[in-house]
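# Pasted the sequence and its predicted model underneath.
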There are 6 protein chains.
Amino acid sequence: MFRHQKELQFEVKVDRPDPMLARQVQEVLGGQFGEMTVMMQYLFQGFNCRGEEKYKDMLMDIGTEEIGHVEMLCSLISQLLDNASPEDQAEAAKDPVTASIMGGINPQHLLVSGLGGLPTNSNGVPWNGSYIVASGNLLADMRSNLHAESQGRLQVARLYHMTNDEGVRKTFRKMLARDRYHQYQWMAAIEELESKNGVVVPASFPPEAEEEAQEEAYKFWDLSEGEASSEGLWATGSAPDGTGHFEYVANPVAKGQIPNPKIPATEVHHDLDFKK
Amino acid sequence: MFRHQKELQFEVKVDRPDPMLARQVQEVLGGQFGEMTVMMQYLFQGFNCRGEEKYKDMLMDIGTEEIGHVEMLCSLISQLLDNASPEDQAEAAKDPVTASIMGGINPQHLLVSGLGGLPTNSNGVPWNGSYIVASGNLLADMRSNLHAESQGRLQVARLYHMTNDEGVRKTFRKMLARDRYHQYQWMAAIEELESKNGVVVPASFPPEAEEEAQEEAYKFWDLSEGEASSEGLWATGSAPDGTGHFEYVANPVAKGQIPNPKIPATEVHHDLDFKK
Amino acid sequence: MFRHQKELQFEVKVDRPDPMLARQVQEVLGGQFGEMTVMMQYLFQGFNCRGEEKYKDMLMDIGTEEIGHVEMLCSLISQLLDNASPEDQAEAAKDPVTASIMGGINPQHLLVSGLGGLPTNSNGVPWNGSYIVASGNLLADMRSNLHAESQGRLQVARLYHMTNDEGVRKTFRKMLARDRYHQYQWMAAIEELESKNGVVVPASFPPEAEEEAQEEAYKFWDLSEGEASSEGLWATGSAPDGTGHFEYVANPVAKGQIPNPKIPATEVHHDLDFKK
Amino acid sequence: MFRHQKELQFEVKVDRPDPMLARQVQEVLGGQFGEMTVMMQYLFQGFNCRGEEKYKDMLMDIGTEEIGHVEMLCSLISQLLDNASPEDQAEAAKDPVTASIMGGINPQHLLVSGLGGLPTNSNGVPWNGSYIVASGNLLADMRSNLHAESQGRLQVARLYHMTNDEGVRKTFRKMLARDRYHQYQWMAAIEELESKNGVVVPASFPPEAEEEAQEEAYKFWDLSEGEASSEGLWATGSAPDGTGHFEYVANPVAKGQIPNPKIPATEVHHDLDFKK
Amino acid sequence: MFRHQKELQFEVKVDRPDPMLARQVQEVLGGQFGEMTVMMQYLFQGFNCRGEEKYKDMLMDIGTEEIGHVEMLCSLISQLLDNASPEDQAEAAKDPVTASIMGGINPQHLLVSGLGGLPTNSNGVPWNGSYIVASGNLLADMRSNLHAESQGRLQVARLYHMTNDEGVRKTFRKMLARDRYHQYQWMAAIEELESKNGVVVPASFPPEAEEEAQEEAYKFWDLSEGEASSEGLWATGSAPDGTGHFEYVANPVAKGQIPNPKIPATEVHHDLDFKK
Amino acid sequence: MFRHQKELQFEVKVDRPDPMLARQVQEVLGGQFGEMTVMMQYLFQGFNCRGEEKYKDMLMDIGTEEIGHVEMLCSLISQLLDNASPEDQAEAAKDPVTASIMGGINPQHLLVSGLGGLPTNSNGVPWNGSYIVASGNLLADMRSNLHAESQGRLQVARLYHMTNDEGVRKTFRKMLARDRYHQYQWMAAIEELESKNGVVVPASFPPEAEEEAQEEAYKFWDLSEGEASSEGLWATGSAPDGTGHFEYVANPVAKGQIPNPKIPATEVHHDLDFKK
């Protein structure tokens, strides 16, 4: 069960309204790697966690923090939209400077939300459940979390340069610091988990079943012309878990058959040879 | 530019048709973490790569390999659907065993694709572009790739236990081996990149801007009752890049204001106080 | 079965083309609460209606009217796009005033529809079937209809202020009047239905099953700090159907257990404890 | 900012696992009118609320409660999936009873979530942001809330009959009671708001602009054959706000023009007459 | 403006309820090529048609017919769901035959629509606006229409074999006949349009701009191993409009450059070389 | 299995960056009829092809070519975005000319992709699998292919006029030539297939089942007022396959019944008559 307190986690104050920026900020609210994504991802991982109390607790701590981040961004967007109104939009046609700003505004901020944040990205595409994952495998999910925080912080960093509003930038600095912590956090969790079960997900796949195709687990297939790819750590030396050595296959040969599918029954209406 | 050869990368042969399994295999073809996802993700990362030839080449190598994995899974699904037909479906109502299988079949395998693979997941939801990311930041993207291969291999491993068809299992063992290699590959790439620029994405955010909110970058906020979360590596000791020490904040206090938004203009039709 | 006559329900004439407005009008054509939504919602409710001829007939009357509203808005958008062309777009880069307008245009109005209306909202997101509901419960559906007409009329009212084109405004005034009638209509239908079966949906849930949790049906849980919420009609006095009295629970206590889920089988590849 | 406590709001205990029911319960977790919808809808309405503290506080109270309902349903689904595993799926082909159950299972509960709840509906379609609305107009939004609780409670009531598991039914009875209260709550809020500003949304549209099309606001257009629709309260008597009398138009006549659109410029590639 | 009459276009009577078939029929109601698609596609093409009255009129005739087809399929699905109920679902667990049927049922037919048709396909994916096109180019659109009727009739033909209910089959025979006519109709329209402007869409692209790349317009590039593709009409002889001869390029050579993209500015946070 | 070579199929060089054009070009990369669509459509048709080697080979040839077109468009978009940066965006507010361009830019090109192509259309809607079809019926699919190339070439032609950048136009001219060839190609394939099995899809539907509704296969129903539609080839003369004569039905009469659906069981909670 959850409880809410009135204060925001950090102060959110903008120096001046900026409806074009409001549209851009939607990306980190309701986009693929926005706060709605990490909030829902951590909450579902926490709700579904089976065993290992300390991970469940930790997921609930951070998931709960992220609900508050969605709240902060809604407050930010509302402030950026202050004073915008349908009539300003009508005025816009007359003055090029205003018009240009209005051309870049999200029309749904006026029409649909009445100057509030929307559960959509910067192009108005609604947030959806396929942005998140809660797989029941902790290592797989911590890697998903690290990836989400990496993409998310990257976007906030880019957004930071899109405005010179000091108020907005101050809020972003707090968010960038928290995103930095969250990257650390998932790295630390990953380190713990890898040291227990090894680096490959899932670790529990039966070793005897691995054996048959063992040799395929260390080969780089050079399928794009050029061999620059042979220079990376992935092409030489040992696998990260020391179970084998990498091999760079410069001229890979297909090992499968040419498929030769069956002609289906007439009532599939393939229409090949049906008159026979 | 691309070229195609007729042979599959690995042999794909099923011992017997199994339409219910065909539906399940769709998850690793056209689901969130299926082969379409890694194929499109690596190709877009490769196409968009600016600078660092060896990464671009490597992304193109593996992206090109994954197109062939989509091809293999389509062949697998087609074979699992051999002999299925609309009339079988009609027969099903009469016999409980057949009926039960037909109850679990994907109706689109008969109606829409005529016994072929579909660009959808195991519930028939179409693959979509928001499953992938190509951000222009290599470290962020390699983490996305590691996460995708971790989730993907987890799903194939689960699928492995859903069938005792030795032909299908053999194909899965090849895929599991390649997915293992691909996890190694992204780990190796990540190691290279982290050793160059540090572990936080993005590395290039100006240090002077980081400073102000520096202290927020090491704190764990305990917002869910219970302190089990204090036992993890994320709560004590040094940050992975050694720039600070973690702090467990057991009773976190909100630092922001209570939001106090402006009443908008009448023509937004908020309907508050408009009669005044 | 349906028939079409050439005349529009009301006159639709614009004083001058305005491609930016054309984009905004898409919201009330193909958005969440646009005319496509009410058209499809009323038609599906009418098609699926079982029993009570007068409701079915009424739903078919208004559903049929709304097809004509989609027609009117397509005509409106076409007129707003008159004279727009790909070359105008190219010219735009040279003049800031034109450019600003072009910056706000929907590129699909040029590229995809050739200057016609699209089945999308103002941000280009395609209309989809999950915008509508036809539940087979008349009272539930009439409430959905009242909500849709309320949101829809709100958006048209906001749009009204975004233009000073008298032709467009005249069309909107007709639509606003019809939307007003449709709000009245659903209120009247709701009043009829509530007076028959009571105000709670569904009314037919067995009273003996209601009993056990009876006390939970009148309590307000104060889970957000502050007690301003105690001042509303929902916190004091009788329930609308007079079956009980509201109670404001200022310090709500959780009544459930701490969840304690089972560890799953190894082949789910949870990776916890699998080495044991 | 939010906080979490370990206990669930109400006890959630199932008598026995039932994977087919787990799939069905997804509808009220991640469907159009599931708990994710009301949770996100109330939170966004609360976050965006401008003015009228008691409404904002109330929205935050109930939005916060609904996060806990998502938590409860995840716990319910996890318990219904206990003991399900990929290998059970493989076994299913052998026994018709088991097979039939497995035929109705959601494959993603095994493959994707590892026996946990998913942010999707009962057919696996991901929850998305267009299920919700926060318009900035309180009356419009309260009507949306009443509609959502009506559809939601209807679905839980139907679900109630799909199981005879007493544990599950007990949880549903709590939810049905809360959904009843929430219907009362929005009715009470609506009554307050209507008594202030009148029943039409938005109330603030300028009366002088209403005037021109005044007569269209009281007419029922009989566009579907048959006059059963003339028997309802919407066809006779006074409008709910007493501003006019309803009129049943039995033979409605179109009032608009036959559209006569302009031929566009050649570079739109309409291909009509381009050789002239 | 539209009008509705009570009778269905053709008789729709089922011999016995069949909820599994009801799910399958959803494909041709709300799927990619279902009746909702052709209905909305023809209506939008008709609404947006500029010039050439006979095409506009024809599009409105057939678009209006298709609304009636949606109506027929809703009636069909309702009848197939007669007698289904939530309690039947609960009973199902006990008997394998019933269970198997229930395993294949669409849970939303019970929970969401209360035994009525849904605006979704056979897997429950909502219909959406990107299924349709109205491009403003008549020839392009007639080809889209012919393709939609071809895919649609194929699906109904497959569905025909999935049932031996004579009532259902009779309805399908009417639909198959109408779909046959509609294929003829678009072929005839295409013939008319091609004879006027030529076979290539769009015809109005300036010939002088075509010239430069003229030679590329007749070449088949053999990019997949094997030359079986050289045996088709597309590889030898004249182009359909007699403007050139096809050429089979057995060893195609890339004509473009190796891309060499610019390193972006630091504030894009590419993280390459940023320390320099 | 596939291989990649570094060179692009054709040269792609832009004369100058143009972020607004980059947004528009997304339509033909990731839109409904963009290169991702034809690439995935031809690959799935090729992968799933059963029988008729020359068609399978041909589909693989062109599917493989189209992967290279996606590559070309990514290169084009990257070049159009050269020099764009978040800070340019911030500068934009100061100068109306720049601002207007920035108002029309896709914010995701900066925030999400770091100046690269996205798997989305010109409004940012992600590409999805329901854009494509691979039905297993060759004639149906070739018609889909012809329609896709017709819509696709139309869009590129319109785009051509939106820029006067000679570099961009040169690339478009190559694409227009290839799209012309691809239209020829599908026409030729269609001609072959129609001459074998006849023009109606599917050809294999049993003639005896066609008979009963035979007369409905040649009638045009005039359901929209006005008889301009009687002037087309579809209204008079013979069907394209000479099996019958068209008939124009000027006053069509409904042939079906008035639906009379059953009242469902109480536990569906229809709420009609439940108190009886």
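Good, I have the coordinates. The structure presented is a predicted model; accordingly, all values stated were derived computationally and were not measured. Numbers count the residues shown, from 1 in each chain, chains lettered A, B, ... in the order given.

# buried residues in stretch A:230-246?
Buried residues in stretch A:230-246, counted by 16 or more other CB atoms under 10 Å in any protein chain shown: A:230-235, A:239-240, A:243-244, A:246. Quick note: C-beta positions are derived from backbone N, CA and C, even for glycine.

# Show me which pair in these is furthest apart.
A:E231 and A:T243 (22.8 Å; CB to CB).

# can you give me the helices for chain A?
With DSSP state H as the criterion, chain A has helices at A:19-30, A:35-48, A:53-81, A:86-92, A:96-103, A:107-111, A:138-160, A:166-197, A:207-211.

# Is it possible to get JSON lines of those helices that adds mean pLDDT and mean neighbour count?
Converted to JSON lines, these look like this (pLDDT from 0 to 100; neighbours: other CB atoms under 10 Å in any protein chain shown):
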{"stretch": "helix A:19-30", "mean pLDDT": "96", "mean neighbour count": "26"}
{"stretch": "helix A:35-48", "mean pLDDT": "98", "mean neighbour count": "25"}
{"stretch": "helix A:53-81", "mean pLDDT": "97", "mean neighbour count": "25"}
{"stretch": "helix A:86-92", "mean pLDDT": "69", "mean neighbour count": "20"}
{"stretch": "helix A:96-103", "mean pLDDT": "65", "mean neighbour count": "24"}
{"stretch": "helix A:107-111", "mean pLDDT": "96", "mean neighbour count": "27"}
{"stretch": "helix A:138-160", "mean pLDDT": "98", "mean neighbour count": "27"}
{"stretch": "helix A:166-197", "mean pLDDT": "96", "mean neighbour count": "21"}
{"stretch": "helix A:207-211", "mean pLDDT": "91", "mean neighbour count": "11"}
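
# Mind checking the ones you listed for the one nearest to E:P261?
In terms of CB to CB, the element of the helices of chain A nearest to E:P261 is helix A:138-160, at 18.1 Å.

# residues contacting the closest residue to chain F within the stretch 101-250 of chain A?
Nearest to chain F in the stretch 101-250 of chain A, going by CB to the nearest CB, is A:N123, at a distance of 2.8 Å. Residues near A:N123 by CB atoms under 8 Å, 6 or more residues apart in numbering or on different chains: C:123-124, F:106-108, F:120, F:123-125.

# and the residue in the stretch 1-150 of chain A positioned nearest to chain E, what does it touch?
Closest to chain E within the stretch 1-150 of chain A is A:S150: 10.8 Å, counting by CB to the nearest CB. By CB under 8 Å, 6+ apart, the residues touching A:S150 are A:183, B:137, B:139-140, B:143-144, B:201.

# Apply 7 Å and report the result again.
A:183, B:139-140, B:143, B:201 (CB atoms under 7 Å, 6 or more residues apart in numbering or on different chains).

# And the residues you listed, which is closest to F:K174?
Proximity of the contacts of A:S150 to F:K174 (CB to CB) peaks at B:A140, which lies at 33.9 Å.

# I'd say the closest one and B:V201 touch.
Yes - applying CB atoms under 7 Å, one finds B:A140 in contact with B:V201, separated by 4.7 Å.

# hmm, back to that, for the contacts of A:N123, which one is nearest chain D?
C:N123 (11.0 Å).

# Can you tell me the closest non-neighbouring residue to A:Y184?
Leaving aside its chain neighbours, A:Y184 sits nearest to B:A239 (4.8 Å; criterion: CB to CB, 6 or more residues apart in numbering or on different chains).

# Quick check, the one you found in contact with A:Q185.
No - applying CB under 7 Å, one finds B:A239 not in contact with A:Q185, separated by 9.4 Å.

# Stretch A:48-59 and chain D, are they touching?
Yes - against chain D, stretch A:48-59 shows contacts by CB under 7 Å from any CB of the partner chain at A:N48.

# Can you pull out the residues in contact with that stretch?
With contacts defined as CB under 7 Å, 6+ apart, stretch A:48-59 is touched by A:42, A:45-46, A:134, A:136, A:138, B:224, B:226, B:228-229, B:231-232, C:261-264, C:270, C:272, D:74, D:78, D:113, D:116-117.

# got the contact list for the nearest residue to A:L223 once chain neighbours are set aside?
The shortest distance from A:L223 to any non-neighbouring residue, by CB to CB, 6+ apart, is to B:T64 (4.1 Å). Neighbouring residues of B:T64 by CB under 7 Å, 6+ apart: A:223-224, B:2, F:2-4.

# Look through the stretch 151-276 of chain A and state the residue closest to chain D.
Closest approach between the stretch 151-276 of chain A and chain D, counting by CB to the nearest CB: A:P202, at 9.8 Å.

# Leaving out chain neighbours, which residue sits closest to that residue?
Nearest to A:P202 is C:H269, by CB to CB, 6+ apart, at 3.6 Å.

# The one you found contacts B:L154, correct?
Yes - between C:H269 and B:L154 there is a contact at 5.8 Å, judged by CB under 7 Å.
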